[in-house]
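Enquirer: Structure for the following, please:
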Amino acid sequence: AVVSTQSTGLLNMGAYTDYVQSHLVQAQYWHDPLNEDKYKKHSKFIADVNQEVTVNAQYKQNLMRVSNITFVMFNKDTMVVPKESEWFGFYKPGQDKELMTLQESDIWKQDKLGLKEMDSQGRLSFLKIEADHLRVPEAFWTDEIIPRLKA
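Expert: Numbering: from 1, shown residues only. Prediction:
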């Protein structure tokens, strides 16, 4: 869905308050591309786990213990904006139009989470599905996801 200017304004005003960050899980996923400093300072979840403020070596160690990871991008997603963030992509710094891929990000270049190493070992998969957010047909689970869980 297209987020209205009014809705975006409300998110920008309140998403990074301590109360909202502590009580509304969706706000913990909010990354304001036009205000990186505020995002990094006040995000209680996503900036932390993505190692965008400080690096916690334990996060990388834990993720590296996973045998494989499959990222699924929903091409008709009306929930996640930009949908490319389902593959760790996001807007290039300071604007909300031009995108960068995971491979162009510091998370990848500095291998903060171990994703680059896992990819070099064949442990990452990137799938696309012509569906809305989490609207996964049974055949996609059977044909694409379950075989990767068994790998």
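
Enquirer: Now do the phi/psi pair for the residue lying closest to Q21 once chain neighbours are set aside.
Expert: The shortest distance from Q21 to any non-neighbouring residue, by CB to CB, 6 or more residues apart in numbering, is to K44 (4.4 Å). Placement of C-beta: from N, CA and C, glycine included. Main-chain dihedrals, K44, degrees, to the nearest 10: phi -90, psi -10.

Enquirer: K44 contacts V25, correct?
Expert: No - using CB atoms under 8 Å as the test, K44 is too far from V25 to be in contact (10.1 Å).

Enquirer: okay, those two: which has more neighbours?
Expert: More crowded of K44 and V25, by other CB atoms under 10 Å: K44, with 13 against 9.

Enquirer: Next up, the contacts around the more buried one.
Expert: Counting by CB atoms under 8 Å, 6 or more residues apart in numbering, K44 makes contact with 21-22, 28.

Enquirer: Tell me the spacing between it and W87.
Expert: As defined by CB to CB, to the nearest Å, K44 lies at a distance of 23 Å from W87.

Enquirer: And N35, by the same measure?
Expert: N35 sits 23 Å away from W87, going by CB to CB.

Enquirer: Could you do I145 as well?
Expert: On the measure of CB to CB, I145 and W87 end up 15 Å apart.

Enquirer: follow-up on the earlier one: just name the closest of the contacts of K44 to L134, please.
Expert: Using CB to CB, Q28 comes nearest to L134 of the contacts of K44, at 17.9 Å.

Enquirer: if we can go back for a sec, settle it for me: which of N35 and W87 has more neighbours?
Expert: W87 (17 against 14).

Enquirer: So the more buried one is in contact with T101, correct?
Expert: Yes - if you go by CB under 8 Å, W87 and T101 touch, sitting 7.4 Å apart.

Enquirer: Now stretch 30-37: buried residues?
Expert: If you call a residue buried by 16 or more other CB atoms under 10 Å, then stretch 30-37 has these buried ones: 30-33.
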